[in-house]
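Chemist: my questions concern the predicted model and sequence given below.
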Amino acid sequence: NSRGASSLLKDSIPITEFSASGLFEGHDLLRRGFTSVKNELLPCHPLELSEKNFQLNQDKTNFDTLRNIQGLHAPLKLQMEFRAVKQVQRLPFLHSSNIALDTLRGNDECISFEDILNDPSQSEVMGEPHMMMEYKLGLL
């Protein structure tokens, strides 16, 4: 047989069995960040879930109103613009302000909590640029 021992091992045992998965999977801090028990808990107040989905609910209400006033084409055109603007991002290791999305929603002239104190999920910790680009491109 001209095949080497490594090809026999590769053919007989799937490589996926060697990767850590399931209950004993290691947490990848570089890609996923630190774990938090708070994220796994249920909302402590009835309005917390509503506040988390505020922008989504507001967009749905605006689309319904726009459809009733101008017809079906207006919310469809606006949704296509939202999708196009959401796809344009900076490099993965740089913070994106999404100013075009704020302009489409009409929030560009409003000063909110995030403008003053910043969103806690958008920390100033910058990861390894080469590793993050390779992960985004699927090379890792």
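Modeler: Here it is on my side, so go on.
Chemist: show me the shaky parts of the protein.
Modeler: 1-25, 27, 38-43, 118-126 (pLDDT under 70).
Chemist: ranges for the helices of it?
Modeler: For the chain, the helices defined by DSSP state H cover 5-12, 29-32, 46-52, 54-70, 73-87, 99-105, 113-117, 129-137.
Chemist: figure out which of these is closest to residue 93.
Modeler: With respect to residue 93, and counting by Cβ to Cβ, the nearest of the helices of the chain is helix 129-137 at 4.7 Å. (Glycine included, C-beta is placed from N, CA and C.)
Chemist: just the CA trace of that closest one, in CSV.
Modeler: C-alpha atoms of helix 129-137 as CSV (Å, rounded to 0.1, in the frame of the first residue of the first chain):
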residue,chain,number,x,y,z
PRO,A,129,-6.0,42.9,13.8
HIS,A,130,-4.5,40.1,11.7
MET,A,131,-6.2,37.4,13.7
MET,A,132,-9.6,39.1,13.6
MET,A,133,-9.3,39.6,9.8
GLU,A,134,-8.3,36.0,9.3
TYR,A,135,-11.3,34.9,11.4
LYS,A,136,-13.7,37.1,9.4
LEU,A,137,-12.4,35.8,6.1
